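1. fold the following and give me the result.
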Amino acid sequence: MTSAVAVIDPVCLSPYEFAYLDEETGTEAAILRLAGALSNDCRFQFYQAGRTDVTRDAGGLYRPLDMLKVEDLTSVSNVIVVSSWKTALKVSKLGPGCPVFLWMHSPPGRHNRRMGDALAAAGIEIVCASESLAKHVHAFLADANDKLPAISSIPDPVADELKPDTTPRDIDRLFFPGAPHKGLSEALVKFAALRRTRPTLRLEVAEHDNLVWPENTVPDGVHFLGKLSDKARIEIMRSSLCVFHPQSRFAETSGLTLAEANAVGTPVLAHAGLGSNDEILLTPGQCVDTNDLSAVGARIDDWRRDFPAIATAPGHRLSEVAAAWKRKLTPQIVAEPTRTATSGATPERAALPNGPSR
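-> Numbers count the residues shown, from 1 in each chain. Down below sits the predicted model:
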């Protein structure tokens, strides 16, 4: 018997569907991969803030968020709310009679410090995308709340089929997988310093140059590739010496891209002790003090001479992630709906935020 799961995403800016999984990245891709992996066990209903139409595919049924009715919640076994703790509370108060999970991929803002008591009282569990994020959320809430909700972690999934292959590696090619706010400016400065004594190195960046370097001269050896599809990004990882991620300020809370690099056998050069780096990049030598440019250069030189054997961190494969979520989404006995629309009456709508209120 399959169970119905409602996935409520009040923060997405545009709709996403399983049929177009190859076009998605980040949180949206993680949600869709999970739905696909659990399709034999769960029937997914998606309610998305950025959606205006109703459609269905192999991943489930997709509706606009403002179409969500109270009756929809009384027929599901579990509810997963993406990012917004305020929406999770509103859903809980509607009395769905089933577990409500708050799936977090980034730290809560400072103004949300008191959310712990409210989530604990409602019995809402926070599921974080990494152990480091779970520890951060626990510490963030501990001092300001009398009670804390259950806080756990399940990583975003790496496709089971991502494995090393025979793609030739270019030992002069470094790859920064995009997102300017994730320390690209720092990575460019450090690359320029490395290249002074290693002039054949190239850094390829999965971004448009006019978005990240609008008023300055692009450093020698840097090439902006524009936005890449997931497939193209993986192909470049396979042929690169490493994913070059030496920034020391932005804490990766999910680190899916880093895990995917390791899955195809590509090392990642990342800052030690920052975010989820150390829990994902378990093969020794990948996490260093990236503010020590001599250490960064030495690691690059080591890998150019003797390419390392890289392993994927346990628990990150899609089959493992799906199994972890399946344990949480075990079918539960759902009470008969207590509120139903009378014949000819307008169904009651759930009062949920339309925007990214967190």
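2. show me the helices in the stretch 51-200 of the chain, by range?
-> 70-74, 85-93, 115-122, 131-142, 184-195 (DSSP state H, counting those that start in this stretch).
3. ugh, wrong one, I meant the stretch 201-350 of the chain
-> Using DSSP H, counting those that start in this stretch, helices in the stretch 201-350 of the chain cover 209-212, 230-239, 256-263, 277-280, 293-305, 318-328.
4. can you list the helices of the stretch 51-200 of the chain in a markdown table and add distance to Cys42, mean neighbour count and mean pLDDT?
-> All C-beta spots, glycine's among them, are computed from the backbone N, C-alpha and C. Listed next are the helices of the stretch 51-200 of the chain as a markdown table, based on distance: least, Cβ to Cβ, whole Å; neighbours: other Cβ atoms under 10 Å; pLDDT from 0 to 100:
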| stretch | distance to Cys42 | mean neighbour count | mean pLDDT |
| --- | --- | --- | --- |
| helix 70-74 | 15 | 20 | 83 |
| helix 85-93 | 18 | 21 | 93 |
| helix 115-122 | 23 | 19 | 96 |
| helix 131-142 | 23 | 18 | 95 |
| helix 184-195 | 38 | 18 | 93 |
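5. of the ones you listed, which approaches Asp220 most closely?
-> With Cβ to Cβ as the criterion, Asp220 lies closest to helix 184-195 of those, at 6.6 Å.
6. need the residues that contact the closest one.
-> The contact list for helix 184-195 (Cβ atoms under 8 Å, 6 or more residues apart in numbering) reads 174, 176, 201, 203, 205, 207, 212-213, 219-222, 244-249, 290, 293, 296-297, 300.
7. please indicate which of those residues are buried?
-> With burial judged by 16 or more other Cβ atoms under 10 Å, the buried subset of the contacts of helix 184-195 is 174, 176, 201, 203, 205, 207, 212-213, 221-222, 244-248, 290, 296-297, 300.
8. before we move on, back to that, quick one: closest of the helices of the stretch 51-200 of the chain to Gly273.
-> Here helix 131-142 is closest among the helices of the stretch 51-200 of the chain (Cβ to Cβ), at 9.8 Å.
9. helices or strands up against that closest one?
-> For helix 131-142, the contact count by 3 or more Cβ pairs under 8 Å, 6 or more residues apart in numbering; DSSP states H and E identifies helix 115-122, strand 125-128, strand 151-153, helix 277-280 as packing neighbours.
10. save these as a markdown table, and put in distance to Ala35 too.
-> A markdown table is the format used below for these (distance: least, Cβ to Cβ, whole Å):
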| stretch | distance to Ala35 |
| --- | --- |
| helix 115-122 | 24 |
| strand 125-128 | 15 |
| strand 151-153 | 20 |
| helix 277-280 | 23 |
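11. picking that back up, now the helices of the stretch 51-200 of the chain as JSON lines including distance to Tyr62?
-> Compiled in JSON lines, the helices of the stretch 51-200 of the chain are given as follows (distance: least, Cβ to Cβ, whole Å):
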{"stretch": "helix 70-74", "distance to Tyr62": "13"}
{"stretch": "helix 85-93", "distance to Tyr62": "17"}
{"stretch": "helix 115-122", "distance to Tyr62": "26"}
{"stretch": "helix 131-142", "distance to Tyr62": "27"}
{"stretch": "helix 184-195", "distance to Tyr62": "33"}
